[in-house]
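> Output the structure for:
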Amino acid sequence: MAGNLSRFDPFRATARFDPMQEMEDFLKESRWMPSMRRFGAESSLKMDVSETDQAYTVKAEIPGVAKEDIKVAIEGNNVSISAEIKKEHEEKEGENLICSERYYGQQSRHFSLAQEVDDAKAEAKYHDGVLELVLPKKASTGRKQISIQ
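As a prediction, this is how the structure comes out:
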């Protein structure tokens, strides 16, 4: 009976040590991953979301982007953030680019909150590469019970 066997190499995992990949692997296998997916944890736009009784606060890291290139859309309890990261064209005579790791293009993040947002009162500020959203919660109309005639 032939099978797929591979030689165990204890140093292979150490040689490719990537702490962020290790953390992603841990989260995928843990009980926290379903709640992390609600906020789109796979995205490269990193953010913090906090909540009070009155509002949600979102802080998203979007460095190197002009505020005019950031779009925020709110519909009910759904929030979308998108940003266009543009490449600067700067060429110097006699200079060769050896490595380029910076990202250019469109990035977006979509997530749902537990309660609807009052979009008329929502605020957005962008300073030092951080977008801050204050999203007031819509007043809950509660549950209405009706009498049967």
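
> Please spell out the segments of the chain that come in under the pLDDT threshold.
1-43, 88-92, 101-103, 141-144 (pLDDT under 70).

> can you give me the strands in it?
Applying DSSP state E to the chain gives strands spanning 47-51, 55-61, 70-75, 78-85, 105-112, 123-127, 130-136.

> Let's have these in TSV, adding distance to residue 93 and mean neighbour count.
For the C-beta atoms, the positions are set from N, CA and C on the backbone; glycine is no exception. TSV is the format used below for those (distance: least, C-beta to C-beta, whole Å; neighbours: other C-beta atoms under 10 Å):
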stretch	distance to residue 93	mean neighbour count
strand 47-51	41	14
strand 55-61	35	17
strand 70-75	34	14
strand 78-85	26	18
strand 105-112	28	14
strand 123-127	35	13
strand 130-136	36	18
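
> Turn the ones you listed into TSV, columns for distance to residue 149.
Below are these laid out as TSV (distance: least, C-beta to C-beta, whole Å):
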stretch	distance to residue 149
strand 47-51	41
strand 55-61	40
strand 70-75	36
strand 78-85	37
strand 105-112	38
strand 123-127	46
strand 130-136	38
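
> how many other residues sit next to residue 96?
5 (other C-beta atoms under 10 Å).

> sorry, that was for residue 114
9.

> excluding its backbone neighbours, what's nearest it?
Of all residues not flanking residue 114 in the chain, residue 77 sits nearest, at 7.0 Å (C-beta to C-beta, 6 or more residues apart in numbering).

> Map the structural domains onto the sequence of this structure.
11-42, 45-88+96-139 (automatic domain parsing).
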